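I would like to see how this sequence folds:
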Amino acid sequence: MPTWTSPPQLVSLAALYAQAQARPEAFLDAAFLDAVKQAHWPTNCWNYVEASFAIIAPACLLRPHLTADLIALPIDAMIAGGLDDAGQVIAIGLACATRSEPYVAPSEEGRRWLTQVWPGLGALVETVFQARLQEALADDD
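Okay, the predicted model is just below:
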């Protein structure tokens, strides 16, 4: 699991991931999702996307059934940053996994998830992206 040494919310999240890996039943899904969401911090949209992928990748690995909820976090930031093409989302996630100087480096497990599992989630990404885009457009009205 991740071995973040800063900022404090990622250090806490890494500990939670280690506990959830050792004892998956110790955390209800709602508490798990809340902890992942609370680990994010305000920044510009595209740095948020990078940080979010690093944060959610281990969570998606630990709780694959929550993937749709978790990927909504970086997708929302992409939409806020102006992205209107779901076809670019997978490539953006892959770029976050392979960037030489990332804003937040993904863990080895997270990088593996982003490079091996993420590319196969095109249909789910499309569904989540379209739903979140429609929600964002409705909020603008």
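
next up, phi/psi of R23, please.
phi -140, psi 80 (degrees, to the nearest 10).

and it, how many neighbours does it have?
9 (other C-beta atoms under 10 Å). (Glycine included, C-beta is placed from N, CA and C.)

now C45
If you count neighbours by other C-beta under 10 Å, C45 ends up with 15.

how far away is the residue nearest to it when sequence neighbours are not counted from A136?
In space, and not counting its chain neighbours, C45 is closest to G81: 3.4 Å by C-beta to C-beta, 6 or more residues apart in numbering. Distance from G81 to A136, counting by C-beta to C-beta, to the nearest Å: 11 Å.

do the same with P102
Distance from P102 to A136, by C-beta to C-beta: 25 Å.

with L13 instead?
For L13, the distance to A136 - C-beta to C-beta - is 26 Å.

of those two, who's got more company?
More neighbours surround L13 than the other of L13 and A136, with 22 against 14 (other C-beta under 10 Å).

list the residues that contact the more buried one.
P2, W4, A35, V36, A39, I55 (C-beta atoms under 8 Å, 6 or more residues apart in numbering).

show me the contacts for the last one.
Going back to what we said before, that points to I55. Counted by C-beta under 8 Å, 6+ apart, I55 has contacts L10, L13, V36, A39, H40, L73, V104.

tell me the two of these that are most distant?
Between any two of the contacts of I55, the greatest separation by C-beta to C-beta is 14.3 Å, found for L10 and L73.

returning to that earlier point: residue contacts, the residue nearest to C45?
So G81 contacts N44, C45, W46, V49 (C-beta under 8 Å, 6+ apart).

picking that back up, pLDDT and distance to Q116 added to the contacts of I55, as CSV?
Converted to CSV, the contacts of I55 look like this (pLDDT from 0 to 100; distance: C-beta to C-beta, whole Å):
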residue, pLDDT, distance to Q116
L10, 93, 23
L13, 94, 22
V36, 96, 20
A39, 94, 23
H40, 94, 24
L73, 97, 20
V104, 94, 20
